[in-house]
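J.: Show me the folded form of this:
(one chain, ligands or ions: 1)
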Amino acid sequence: MGSALAEGLRNASWCAPEELCVSVRRAESIPALAERLEGVAISVGLPTEGVDASTGAVICVKPDYAESVATQLAAAKFTRVLSVVAGLSCARLEAAFPGPVAVVRSMPNTPVLIGRGVTAIAGGSRVTSDDLAWAESILSAVGTVVRVTERQIDAVTGLSGPMPAYLYLVIEALIEAGVHQGLAHDVSRQLVVDSFVGSALLLAETGLSPEELRAQVTSPGGTTAAGLRVLESRAVRSAFLETVAAAAERSRQMGR
Ligand SMILES: NC(=O)c1ccc[n+]([C@@H]2O[C@H](COP(=O)([O-])OP(=O)(O)OC[C@H]3O[C@@H](n4cnc5c(N)ncnc54)[C@H](OP(=O)(O)O)[C@@H]3O)[C@@H](O)[C@H]2O)c1
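T.: Residues are numbered from 1 along each chain as shown. Alright, predicted model coming up:
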């Protein structure tokens, strides 16, 4: 996640490559990163030089390590932090700093790896509009950004965070359904994946609602209507409502 962000920032010329620094834990992580991030300084541990009040940090480590990294950032005198750590509240990060710190929390999803993610951001108790604009400009290098309140981050963690997984499950099932109808696996895969990408683009580019687009392909008494009737009878809408609610609730539990 962190290397995708660094790559996005570098490729978007967000700043000069030499103004970026990526910190890793193990020296063996450096060569592969150096290949992707030409001109960017990569160090084991935090940089010891060049940090001043204008330097921002992005924490992008597994949740178990996040508070210890925050303590290191505090010791290195960082005062502006963007966290990409799932389930860690702004208050907990703020508590790792002895003085005032601006914390912006975010929840991205995996399409940021190809610059097409969507990320929600929320500010902690001391953020200014400048801090939020700074965080938004960073995450815009890898997709789109939505601003929410911190209370809404759990809802985002149930919805767009895991949404790639929800959709991949649907895609897997549809590919299998095509195979059951006699299509070769690669043919079924192409039909499903291209339909999925095309439908998403149609939705994004026409600005029509999903209901309108669905109505366009549903003739009265036709084949699509016959298929949709089965989905409705199996309560697929309700399954998605409960799916998102369960993931959001799990996020609330993890944040306690
Ligand atoms: N919503 C989503 O879909 C989503 C997806 C992925 C991640 N996330 C969030 O993004 C965060 C990062 O996840 P990830 O999968 O990218 O993690 P990861 O693969 O473990 O990468 C963490 C990176 O941080 C480096 N690092 C630097 N200092 C560290 C320290 N003191 N302790 C531990 N690591 C240190 C690690 O260095 P080394 O390489 O040397 O170990 C590694 O390169 C997580 O908190 C996760 O919740 C969200």
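
J.: List the contacts of stretch 90-98.
T.: Under the criterion C-beta atoms under 8 Å, 6 or more residues apart in numbering, residues 59, 66-67, 70-71, 73-74, 79, 81, 83, 101, 103-105, 122-126, 150 lie in contact with stretch 90-98. Placement of C-beta: from N, CA and C, glycine included.

J.: Please pick the buried ones from these.
T.: 59, 66-67, 70, 73-74, 79, 81, 83, 101, 103-105, 122-124, 150 (16 or more other C-beta atoms under 10 Å).

J.: Count the neighbours of the closest residue to residue 131 other than its chain neighbours for me.
T.: Distance criterion C-beta to C-beta, 6 or more residues apart in numbering; nearest residue to residue 131, sequence neighbours excluded, is residue 102 at 4.2 Å. Using other C-beta atoms under 10 Å, residue 102 has 24 neighbouring residues.

J.: Next one: residue 102 from residue 153, what distance?
T.: Distance, residue 102 to residue 153, by C-beta to C-beta, to the nearest Å: 17 Å.

J.: pretty sure residue 4 is touching residue 113, no?
T.: Yes: using C-beta atoms under 8 Å, residue 4 makes contact with residue 113 at a distance of 4.7 Å.

J.: who touches both of the two?
T.: Contact criterion C-beta under 8 Å, 6+ apart; residues shared by residue 4 and residue 113: residue 142.

J.: out of the two, which sits in the more crowded spot?
T.: Between residue 4 and residue 113, counted using other C-beta under 10 Å, the more crowded position is residue 4 (21 against 17).

J.: Tell me who's in contact with that one.
T.: The contact partners of residue 4, taken as C-beta under 8 Å, 6+ apart, are 112, 113, 142.

J.: contacts with the ligand among these, please.
T.: Among the contacts of residue 4, no residue sits close to the ligand (C-beta under 6 Å from any ligand atom).

J.: where's the dip in pLDDT among these?
T.: Minimum pLDDT for the contacts of residue 4 is recorded at residue 113 (88).

J.: Break this structure down into its domains, please.
T.: 2-150, 163-255 (automatic domain parsing).

J.: Does the last one reach the ligand?
T.: Meaning domain 163-255. No: judged by C-beta under 6 Å from any ligand atom, domain 163-255 stays clear of the ligand, getting no closer than 7.1 Å.

J.: Give me the distance between the two termini of that domain.
T.: 20 Å (C-alpha to C-alpha, to the nearest Å).

J.: Other residues contacting stretch 51-65?
T.: With C-beta under 8 Å, 6+ apart, stretch 51-65 has contacts from 1-2, 5, 66, 69-70, 73, 76-88, 93, 134, 138, 254.

J.: before we move on, back to that, hang on, isn't the residue nearest to residue 131 packed against residue 132?
T.: No: the criterion here is C-beta under 8 Å, and residue 102 misses it with residue 132 at 9.1 Å.

J.: returning to that earlier point: just to be sure, which of the contacts of residue 4 are found in helices?
T.: Within the contacts of residue 4, no residue falls in helices by DSSP state H.

J.: Tell me the one among those nearest to residue 19.
T.: residue 142 (17.8 Å; C-beta to C-beta).

J.: ok, that closest one - how many residues close by?
T.: Around residue 142 there are 26 residues (other C-beta under 10 Å).

J.: Just the closest residue of the stretch 151-256 of the chain to the ligand, please.
T.: residue 161 (3.9 Å; C-beta to the nearest ligand atom).

J.: So for that residue, what's the pLDDT?
T.: 95.

J.: Equivalent analysis for the one 3 residues further on, please.
T.: Here the pLDDT value assigned to residue 164 is 97.

J.: Secondary structure element holding it?
T.: Element membership of residue 164, judged by DSSP states H and E, is helix 163-180.
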